[in-house]
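Undergrad: How does the following fold in three dimensions:
(2 chains)
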Number of protein chains: 2
Amino acid sequence: MNDLMEKTLTSQEIYNGRVVHLFRDTVALPNGKEGVREVIRHPGAVCVIPVTEAGDVVMVRQFRYPFSTTLLEIPAGKMEQGEDPLDCAMRELSEETGAQASKWTELGVVYPSVAYLDEKIYIYLAHGLTFGKTHTDEDEFLHVEKYPLGTVLDMVMEGDIPDGKTQIAILKACRLLGL
Amino acid sequence: MNDLMEKTLTSQEIYNGRVVHLFRDTVALPNGKEGVREVIRHPGAVCVIPVTEAGDVVMVRQFRYPFSTTLLEIPAGKMEQGEDPLDCAMRELSEETGAQASKWTELGVVYPSVAYLDEKIYIYLAHGLTFGKTHTDEDEFLHVEKYPLGTVLDMVMEGDIPDGKTQIAILKACRLLGL
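TA: Residues are numbered from 1 along each chain as shown, chains lettered A, B, ... in the order given. Take a look at the predicted model:
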């Protein structure tokens, strides 16, 4: 694949914010010419599809500022510095829904927008749920909603759940569970 | 959902580049406090899962700068100002693989990273393929590779295709096609 490689020539930090860390790099393209690559460096994230014994998915509805609307998603969140993805998944599930899970299954990783974003989202399926108290972040507001797995699969196929990580988690979980 | 709403107080443009248009906004949170939202405004994109009569998926391998490696994806690209998603899908399929398709099926839309990115990716399934010449952008270098649909489904389930839009397109297409 050497004929596809790009080599970094310069890297300029544009902005280092709360979530977005933006760089503007110049690169040597495979044809020897110079190109520009904008890239957002992100700490990585996790998401969890929690399925109850009755077959319901525990989901969260949140206002998503870029779209000026609320979206229905599975529980998710950013990893803290040095945090293990599974530890992060357990923490986010507990914070957002109050649930603890006794059985965790890896559903792989997603790169959400590969052209300019280095974010990786680790996906987990969680079973054996028990519920305690939620404890969301100070600037985080959400509703917990439960739907049968078959219903959320229909919603994904009909376009009613636009969030990417949620679509993948539901489609993969349904295939694994024979639905 | 009024108890989840956030209201924009100020919006500051941080950077307006080739792909990334970054803003730092302040918002009124549901509890009345002030919060910060970083948001990347993006023109939107399309992707196409092209399936040949023999049941092969026509894919592209590209160097993806944020990950410093090549990734296997379905054909995709950014929408031009005012461009219709389907027109863009036809253009990108032709540019990247040389293919024209006689049958197009909508597979919905994906929001790849909803917390800070307003990108929407429209997904299409393309059948009835005929092949001509590719004509990629000046700074775009890629290999075209074909794999049976069942093989790429296995690759998605086993974690060998991390690109999000490709995972969703394959999982949805396989479900639609009864695979």
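
Undergrad: Now do the contacts for the most centrally placed residue in chain A.
TA: Chain A has residue A:121 as the residue nearest its centroid, 4.4 Å off, counting by Cα atoms, centre = their mean. Shown in contact with residue A:121 (Cβ atoms under 8 Å, 6 or more residues apart in numbering or on different chains): A:44-47, A:76, A:109-112, A:165, B:164. Glycine gets a C-beta too; all of them are placed from N, C-alpha and C.

Undergrad: Between those residues, identify the one with the most neighbours.
TA: residue A:110 (29 neighbours; other Cβ atoms under 10 Å in any protein chain shown).

Undergrad: Adjacent strands (with direction) for the helix or strand hosting that residue?
TA: Element membership for residue A:110 (DSSP states H and E) is strand A:99-110. With DSSP bridges as the criterion, the sheet partners recorded for strand A:99-110 are strand A:121-131 (antiparallel).

Undergrad: which parts of the strand it pairs with are buried?
TA: Neighbour counts over strand A:121-131 (16 or more other Cβ atoms under 10 Å in any protein chain shown) mark A:121-126, A:129 as buried.

Undergrad: can you list contacts of stretch A:90-100?
TA: In this structure, residues lying in contact with stretch A:90-100 by Cβ under 8 Å, 6+ apart are A:46-48, A:50, A:58, A:60, A:75-77, A:83, A:101, A:104, A:126, A:129-137, A:140, A:142, A:144.

Undergrad: What about residue A:86, how many residues nearby?
TA: Burial of residue A:86 is recorded as 14 neighbouring residues (other Cβ under 10 Å).

Undergrad: cool, residue A:8 as well?
TA: By other Cβ under 10 Å, the residues close to residue A:8 number 14.

Undergrad: now do residue A:142
TA: 19.

Undergrad: Now do the phi/psi pair for it.
TA: Reported as degrees, to the nearest 10, the phi and psi values for residue A:142 are phi -160, psi 160.

Undergrad: Wait, it touches residue A:58, no?
TA: No - in this structure residue A:142 lies outside contact range of residue A:58 using Cβ atoms under 8 Å: 11.7 Å.

Undergrad: Quick check: beta-bridge partners of the residue nearest to the centre of chain A?
TA: Assigned bridge partners for residue A:121, using DSSP bridges, are residue A:45, residue A:110.

Undergrad: ok, it to residue B:123 distance?
TA: Note on residue A:121: its distance to residue B:123, by Cβ to Cβ, to the nearest Å, is 18 Å.

Undergrad: Where does the prediction get shaky in chain A?
TA: Across chain A, the stretches falling below the confidence threshold (pLDDT under 70) are A:1.

Undergrad: can you pull out the helices in it?
TA: All helices of chain A, identified by DSSP state H, fall at A:85-97, A:149-157, A:164-176.

Undergrad: buried stuff in the first one?
TA: If you call a residue buried by 16+ other Cβ under 10 Å, then helix A:85-97 has these buried ones: A:85, A:88-90, A:92-97.

Undergrad: Also the last one?
TA: Under the neighbour-count criterion of 16+ other Cβ under 10 Å, helix A:164-176 has A:164-175 buried.

Undergrad: How about residues contacting it?
TA: Outside of helix A:164-176, the residues within contact range by Cβ under 8 Å, 6+ apart are A:45, A:47-49, A:51, A:57, A:59, A:72-74, A:76, A:105, A:107-108, A:110, A:112, A:121, A:123, A:125, A:149, A:152-153, A:156, A:161, A:179, B:110-114, B:121, B:156-157, B:164-165, B:167-168, B:171-172, B:175.

Undergrad: Tell me how far that helix lies from the chain's centre.
TA: Taking Cα atoms, centre = their mean, to the nearest Å, one finds helix A:164-176 lying 12 Å from the centre of the chain it belongs to.

Undergrad: Would you mind putting the CA coordinates of that helix into CSV?
TA: Extracted as CSV, the C-alpha positions of helix A:164-176 are listed here (Å, rounded to 0.1, in the frame of the first residue of the first chain):
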residue,chain,number,x,y,z
GLY,A,164,-24.3,6.2,13.8
LYS,A,165,-23.0,4.3,16.9
THR,A,166,-26.5,3.4,17.9
GLN,A,167,-27.3,2.0,14.4
ILE,A,168,-24.2,-0.2,14.4
ALA,A,169,-24.7,-1.4,18.0
ILE,A,170,-28.4,-2.4,17.3
LEU,A,171,-27.7,-4.0,13.9
LYS,A,172,-24.7,-6.0,15.3
ALA,A,173,-26.5,-7.0,18.5
CYS,A,174,-29.6,-8.2,16.6
ARG,A,175,-27.4,-10.3,14.3
LEU,A,176,-25.5,-11.8,17.2
